[in-house]
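Novice: this one's sequence-less:
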C-alpha cells in the first residue's frame, strides 16, 4: 500500500530513498518507511479523551513536529522562502484546527461524536 504523492515527491528528492505510507488502520496508526526502515510511527487518539482517556497523538501534534523541524532548517545555513511559506501554511493549519475546537466548544458539541456548524466559508 503506498501513497502516490509521497512516493512522487520522494522520487524527485532522492531516488535512493522512497517514503511510503505503510499503513493507516482505521485512522488509528500511520507509519512511514524509507528503504524498509520505519522512520515515523504515529499512534493517533482513539475515541474521545473524556471517555477513553488520552491514548494517542492528535493531528496537531504531528503538524507541530513538522513545524519545529522546518524552523530548524530555516534557522540553519540555507533558509528559504519556500520553507518560510511551508511553516506559515502549517501554522495556519494549526490555527484552523484550534479554531475548530473553539467553535465546537461554543456550540456545545466538543468531546462528543456530533457535527458542528462551520464558520469558515
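Specialist: Okay, I see it. Because the structure is predicted, anything quoted here is derived from the model rather than measured. Residues are numbered from 1 along each chain as shown.
Novice: CA atoms for contacts and neighbours, from now on please.
Specialist: OK.
Novice: what about the host helix or strand of residue 70, distance to the chain center?
Specialist: Here residue 70 is covered by helix 59-74, with elements defined by DSSP states H and E. Relative to its chain's centre, helix 59-74 lies at 9 Å (Cα atoms, centre = their mean, to the nearest Å).
Novice: The chain should start at 433 in everything you say after this.
Specialist: Okay, using 433 as the starting number, the last item reads as helix 491-506.
Novice: model confidence over that helix, on average?
Specialist: Mean pLDDT, helix 491-506: 93.
Novice: Name the next helix or strand downstream of it, please.
Specialist: Downstream of helix 491-506, the next assigned helix or strand under DSSP H and E is helix 513-538.
Novice: For that following helix, buried residues please.
Specialist: 515, 518-519, 522-523, 525-526, 532-533, 535-536 (16 or more other Cα atoms under 10 Å).
Novice: same for it, what does it pack against?
Specialist: Packing partners of helix 513-538 (3 or more Cα pairs under 8 Å, 6 or more residues apart in numbering; DSSP states H and E): helix 491-506.
Novice: Mind giving me the packing neighbours of the helix it packs on?
Specialist: helix 513-538.
Novice: What's the local residue count around the residue nearest to residue 544 when sequence neighbours are not counted?
Specialist: Spatial nearest neighbour of residue 544, excluding adjacent residues (Cα to Cα, 6 or more residues apart in numbering): residue 480 at 7.2 Å. Counted by other Cα atoms under 10 Å, the residues lying close to residue 480 total 14.
Novice: Okay, domains of this protein per the record?
Specialist: Per automatic domain parsing, the domain ranges recorded for the chain read 433-489, 490-540.
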